[in-house]
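Trainee: Sequence below, structure please.
(2 chains)
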Number of protein chains: 2
Amino acid sequence: IGDDAAVLRLPPGHEILVTTDFCLEGVHFRREWHPAECVGHRCLARGLSDIAAMGGEPRAAFLSLALPGDLSQRWVDGFLRGLLALAKKYGVTLAGGDTAQSPAGVLADIVVVGSAPKGKAITRAGARAGDVLYVTGELGGSAAALAQLYRGRRISRSTFARHFAPEPRLALGRFLRERGLATAMIDLSDGLSTDLHHICEESGVGAEILAERIPCDRVASLEQALHGGEDYELLFTARPGGKVPKKIAGVRVTRIGELTRRGVFLTRSGRRAELAPGGWEHLR
Amino acid sequence: IGDDAAVLRLPPGHEILVTTDFCLEGVHFRREWHPAECVGHRCLARGLSDIAAMGGEPRAAFLSLALPGDLSQRWVDGFLRGLLALAKKYGVTLAGGDTAQSPAGVLADIVVVGSAPKGKAITRAGARAGDVLYVTGELGGSAAALAQLYRGRRISRSTFARHFAPEPRLALGRFLRERGLATAMIDLSDGLSTDLHHICEESGVGAEILAERIPCDRVASLEQALHGGEDYELLFTARPGGKVPKKIAGVRVTRIGELTRRGVFLTRSGRRAELAPGGWEHLR
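Mentor: Below you'll find the predicted structure:
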């Protein structure tokens, strides 16, 4: 941290993965809704989830943090405590960053540098028609929490842990990469409907999914599971014969549909209709 | 750019350099003072200068950019034009980033990933007492421009190019690294007095410099050259017998003093006094 740039070394034969994510007050969180520790945790979780979605190993994080002049030291300590606890859990070093006075609100930008063996990172572009579509964990929990917060309800951090302390699926992503099981992968940050479109666009395919198969969080509606963002589960595709376990690294894996040549469709109570991207925005 | 993280490859035997820098409206620039192209140029120049200060090669840049809803497309185009022109000049790819709506003002965070042969990056910690202290180019030009802007003067972009379009000293830093000439190095972003203290702290040494030797920009005062920030020249140390050319990559190199065991002193018109860090802030 004493130098102009941080110096990192990777295992031989690895290539570098880099991801950057904003975490801005009023856009990605509200200080009155989100305890400082949760903001710190969520900030790093976004970056780690991107590395998980590539099947990568996180190596180091860099935090650019601009703070308003009147922010309490207590808040900053809480933010860093949340961020560093998650970093420690996954063996990630906070290796640098930048600080500034903020013109308005807390502004954070998190960079995570990871690695994967050369040529083995899982992209969004490797899927083809006929591949099977899987999703990890349960969906919609984060959107369900936001819906409660918008209604002015006080909600429990443990019931809505998905929102307050999402878990990046690093072990799961690594397993898929090591076994060569996933042909394409993305993390569910924008919501299933939107992120599925991203995979379809990058791979040049379509998809058919079944509403009945979608694993809804017990606090969430189907709409929240379909269009809600920030669950940080993984959406991936595999060849039809691929042996994908029903549970990986303790997390449920559910087959929700398959890839086709074109169009993205949802079948719900026997009716098939086009599924448009839900257009998730963090705080509206 | 289509994936969750960007994938980068380095030449074999290289290690990774990572630097991140904020560029916030009202803190690092003002839209009424700085044309959009200059903001884009300065944003990337800050990151490239950090890589130059390590003797590194820049490889890729990542831009996180949050924009206010009412910002004109014309401004955004200008910003990107300035940033991309500088990226092209130094062979750097804009490989990813993040975008968001800004709660207030233009918020940018630039990440530059570079590399250097293993163990060859120049840090701030390698100097020792007896080493000679050098600075590149001329100092104070950026602070001089800001002083004019604060007085409400309209100033020329070419006369004050140092402020509006600073040039990262990449070729110079590379030369020093390849020849093994520099024992420690830093870029002058916080001002000579402050950055000299950084080198002294990291290397555990002191310094003696001569005011008469400091290369002032023709538009700048000695105070501006001593304490003004954002010139993006390089301050480095070399062993006493080291053959440091008077000009490197077309840029003047000036010997301004030497390192001692402790304390940082300036001799000015024959009087020697302690030199405190100037405490440069971007916009006050």
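Trainee: residue of chain A with the smallest distance to chain B?
Mentor: The nearest approach of chain A to chain B comes at A:Ala104, 3.5 Å away (CB to the nearest CB). Bear in mind the C-beta positions are built from the backbone N, C-alpha and C, glycine included.
Trainee: residues in contact with that residue?
Mentor: A:Ala104 makes contacts with A:68, B:103-105, as judged by CB atoms under 8 Å, 6 or more residues apart in numbering or on different chains.
Trainee: Just the buried residues of the residues you listed.
Mentor: Those of the contacts of A:Ala104 that meet the buried threshold are B:103-105, by 16 or more other CB atoms under 10 Å in any protein chain shown.
Trainee: now those in JSON lines, with secondary structure?
Mentor: Output for the buried ones among the contacts of A:Ala104, formatted as JSON lines (DSSP: H, G, I helix; E, B strand; the rest coil):
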{"residue": "B:Pro103", "secondary structure": "coil"}
{"residue": "B:Ala104", "secondary structure": "coil"}
{"residue": "B:Gly105", "secondary structure": "coil"}
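Trainee: from these, which is closest to B:Cys38?
Mentor: When the buried ones among the contacts of A:Ala104 are ranked by distance to B:Cys38 (CB to CB), B:Gly105 comes first, at 16.2 Å.
Trainee: If the closest residue to that closest one other than its chain neighbours is in a bridge, with which residues?
Mentor: In this structure, B:Gly105 finds its nearest non-sequential neighbour in B:Glu25, 3.5 Å apart by CB to CB, 6 or more residues apart in numbering or on different chains. For B:Glu25, the beta-bridge partners are B:Phe29 (DSSP bridges).
Trainee: got it, and A:Val253?
Mentor: A:Thr136.
Trainee: just to revisit the earlier point, which residues sit in contact with the residue nearest to B:Gly105?
Mentor: So B:Glu25 contacts A:103, B:31, B:105-107 (CB under 8 Å, 6+ apart).
Trainee: How much space separates it from A:Glu25?
Mentor: B:Glu25 sits 16 Å away from A:Glu25, taking CB to CB, to the nearest Å as the criterion.
Trainee: Strands of chain A, start to end?
Mentor: Ranges of strands in chain A, per DSSP state E, are A:6-8, A:14-24, A:57-67, A:93-101, A:107-117, A:132-136, A:182-187, A:206-210, A:234-238, A:247-248, A:251-260, A:264-268, A:271-274.
Trainee: Could you give the bridge partners of A:Ala184?
Mentor: Beta-bridge pairing of A:Ala184 under DSSP bridges involves A:Thr237.
Trainee: how many neighbours does A:Arg272 have?
Mentor: 11 (other CB atoms under 10 Å in any protein chain shown).
Trainee: Could you pull up the residues touching it?
Mentor: By CB under 8 Å, 6+ apart, A:Arg272 lies in contact with A:208, A:265-266.
Trainee: who wins for most neighbours among the residues you listed?
Mentor: So for these (other CB under 10 Å), the most neighbours sit at A:Leu266, 23 neighbours.
Trainee: Quick check: it touching A:Gly206?
Mentor: No - here A:Leu266 does not reach A:Gly206: they are 12.0 Å apart, not a contact under CB atoms under 8 Å.
Trainee: which residues are common contacts for these two?
Mentor: Counting by CB under 8 Å, 6+ apart, no residue touches both A:Leu266 and A:Gly206.
Trainee: residues from the stretch 151-284 of chain A in reach of chain B?
Mentor: A:185-187, A:198, A:201-202 (CB under 8 Å from any CB of the partner chain).
Trainee: Name only those of the residues you listed that count as buried.
Mentor: Counted by 16+ other CB under 10 Å, those give A:185-187, A:198, A:202 as buried.
Trainee: Let's have the residues you listed in a markdown table, adding pLDDT.
Mentor: Compiled in a markdown table, these are given as follows (pLDDT from 0 to 100):
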| residue | pLDDT |
| --- | --- |
| A:Met185 | 98 |
| A:Ile186 | 98 |
| A:Asp187 | 98 |
| A:His198 | 97 |
| A:Glu202 | 97 |
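Trainee: In terms of pLDDT, where does the closest residue to A:Arg213 other than its chain neighbours sit?
Mentor: The shortest distance from A:Arg213 to any non-neighbouring residue, by CB to CB, 6+ apart, is to A:Ile256 (4.5 Å). For A:Ile256, the model assigns a pLDDT of 98.
Trainee: what's A:Ile256 in contact with, if anything?
Mentor: Each residue near A:Ile256 by CB under 8 Å, 6+ apart is listed here: A:133-135, A:209-210, A:213-215.
Trainee: The nearest residue to A:Glu258 once chain neighbours are set aside: neighbouring residues, count only.
Mentor: Spatial nearest neighbour of A:Glu258, excluding adjacent residues (CB to CB, 6+ apart): A:Val132 at 5.3 Å. For A:Val132, the count of nearby residues is 19 (other CB under 10 Å).
Trainee: my guess is A:Val132 contacts A:Pro240, does it?
Mentor: Yes - with contact defined as CB under 8 Å, A:Val132 reaches A:Pro240; the gap is 5.8 Å.
Trainee: Report the set of residues contacting both of those two.
Mentor: Common contact partners of A:Val132 and A:Pro240 (CB under 8 Å, 6+ apart): A:Glu258.
Trainee: now the residue nearest to A:Glu258: how far from A:Ala273?
Mentor: 21 Å.
Trainee: Kindly report the same for A:Gly191.
Mentor: According to CB to CB, A:Gly191 stands 17 Å off from A:Ala273.
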